[in-house]
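**Q** sequence-free structure coming up:
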């Protein structure tokens, strides 16, 4: 029989609609995950311009608001596998959708730091569940030839979520710019008040727009079937058979069911091997390293702070938002390219290609920022001398900007002032621009920097540990201006050069780690430890991402953007070495073959 006349039996008899619907809902989970990561980028400039003044938020607290999603992911990732084993993959997905949906009104209606942080934490808890449970569900439900497509669909819709978040931010950036033009003829005090109202409405509306996909995801889960592997473990064989009938050709249902039942029946005690037993430790550790290195490239921080980074690089507000949209669109387009390559070139090749390109792009961005930052003048003595009592109040009119700038040659460009200061162990960073109507004064007060002790901080102090700043010691500490530098804002050409570096970075990330990380998470983990192993690996992944996001603003405030990009480049070089030297190729191999390959190396 020739290829032209041979019937494609499995394809013709496999249920198509249920599989496509399953891929759609799995992809919709990726959409929520992308919104989790990306929505703060468009909201942050307006949140910083309004909430930091109305609620006296420090840059550290703003950093916590950004990092709260990642922190929530860390917390939920630890228990995601256990939850998925307890209530099922489908039940865990529904729980994730409900938490995401509930977080939206909490954030959009926030009237202070605590509800805003709580809403972001709930979003993060939802994201952590999604990041573990959906790849786990897709790996257990889909046939081997569709497993890569399922992981790729999750990542593709994740990038679409980032694009939607960026488009929402761009729309509001244009609205804020139009409002700024409309009030330019008003007195300065009235300008600031009008812009405050517009920006406050902007970040709240940005959060409200996330409600619809959360509701759709929750509703869509009710038409999904449960994982057949989870059903077999619960002894629900008939339910498992019906679940397989929804995604496999009829002829493949019974053989697949027998394969699923075989390992369960062979374990008479019903106990699983320990997670760190000899046969599991190598693939488990390798999967954890791959996920940690993926976050250590700085991808989540770059996507979350893209608008801020491009603003500091020299692009104006709406232009930076437009570049942010281009970054997210390129991420989605290159993810489609990755879908075409991942089963042809393999995971190992794409990870090596991606990490190598990322390293070069990060080094180029670090070089550009180093050139822009080294010409700034030190005005720390002037600001320290202006400190009066417990604070500093400086009116930044045109004359004051000129006095601070001194003889800096700025070629008519606006100025930027970055101030790092501290009360005892409490530190903060402020960045102000002479062309920003809301940056007409520099006001530093103890109440806006020294925060009340938290329950966690008080607990650690009772056991004579002090990982957090102590409010008691800072209550009487003098204001220290640790660093203050002023210089011209880089020209737009510099901003576009940095944007180009970030575009290259995102393109190589999408082709390599973006898709391959989810495959590594599900393929490298042995069958017996997959749910709990994936939880721990994603926990490490999110912990690295949370740490980087939390230190981002203080680090760039003290040491500049060049230092952060150099750090990420070093971590990415380690990633390249891991992919080149230790990662096995898993293309075209079943999960059992991959596990057997690691077991053979232990003999």
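**A** Received, thanks. It should be emphasised that the depicted structure is a prediction, and the values quoted were computed from it without experimental measurement. Residues are numbered from 1 along each chain as shown.
**Q** so who does the residue lying closest to residue 69 once chain neighbours are set aside touch?
**A** Of all residues beyond its chain neighbours, the one nearest residue 69 is residue 124 (3.9 Å), with distances taken as C-beta to C-beta, 6 or more residues apart in numbering. Yep, even glycine has a C-beta here, placed from its N, CA and C like the rest. Contacts for residue 124 were tallied using C-beta atoms under 8 Å, 6 or more residues apart in numbering; they are 36, 68, 69, 70, 71, 72, 73, 74, 75, 76.
**Q** Now the two most distant members of the residues you listed.
**A** Of all pairs drawn from those, the greatest distance, 13.9 Å, lies between 36 and 75 (C-beta to C-beta).
**Q** More neighbours: which of the two?
**A** More neighbours surround residue 36 than the other of residue 36 and residue 75, with 29 against 17 (other C-beta atoms under 10 Å).
**Q** State the pLDDT value of the more buried one.
**A** Among the per-residue scores, residue 36 holds a pLDDT of 76.
**Q** That one against residue 123, yeah?
**A** Yes - here residue 36 reaches residue 123: they are 5.3 Å apart, a contact under C-beta atoms under 8 Å.
**Q** Overlap in contacts, those two.
**A** Residues within reach of residue 36 and of residue 123 at once, by C-beta under 8 Å, 6+ apart, are 69, 100.
**Q** got any ranges where the stretch 351-500 of the chain has weak pLDDT?
**A** 407-412, 452-469 (pLDDT under 70).
**Q** what about the helices in it?
**A** Using DSSP state H, counting those that start in this stretch, the helices found in the stretch 351-500 of the chain span residues 380-385, 398-405, 455-462, 471-474, 492-509.
**Q** Any idea how many residues pack against residue 385?
**A** By other C-beta under 10 Å, 9 other residues sit near residue 385.
**Q** how distant is stretch 507-517 from the center of its chain?
**A** Centroid displacement of stretch 507-517 relative to its chain, using C-alpha atoms, centre = their mean, to the nearest Å, is 14 Å.
**Q** Make residue 1 into 44 and carry on from there
**A** That works, and once the first residue is 44, the last one we named lands at stretch 550-560.
**Q** gap between residue 328 and residue 583?
**A** Distance from residue 328 to residue 583, counting by C-beta to C-beta, to the nearest Å: 10 Å.
**Q** Neighbour count: those two, which is higher?
**A** The residue with more neighbours, out of residue 328 and residue 583 and counting by other C-beta under 10 Å, is residue 583; that gives 17 against 14.
**Q** can I assume that one sits in a strand?
**A** No - looking at residue 583 with DSSP: H, G, I helix; E, B strand; the rest coil, it is helix, so not inside a strand.
**Q** So what's the predicted local confidence for it?
**A** The predicted structure scores residue 583 at 79 on the pLDDT scale.
**Q** which residues touch it?
**A** If you count contacts by C-beta under 8 Å, 6+ apart, then residue 583 has 331, 334, 335 around it.
**Q** run the last query once more with 10 Å
**A** Taking C-beta atoms under 10 Å, 6 or more residues apart in numbering as the criterion, residue 583 is in contact with 117, 120, 330, 331, 332, 334, 335, 338.
**Q** hmm, back to that, nearest to residue 206, out of the helices of the stretch 394-543 of the chain?
**A** Using C-beta to C-beta as the criterion, the shortest distance between residue 206 and those is 11.6 Å, found for helix 535-552.
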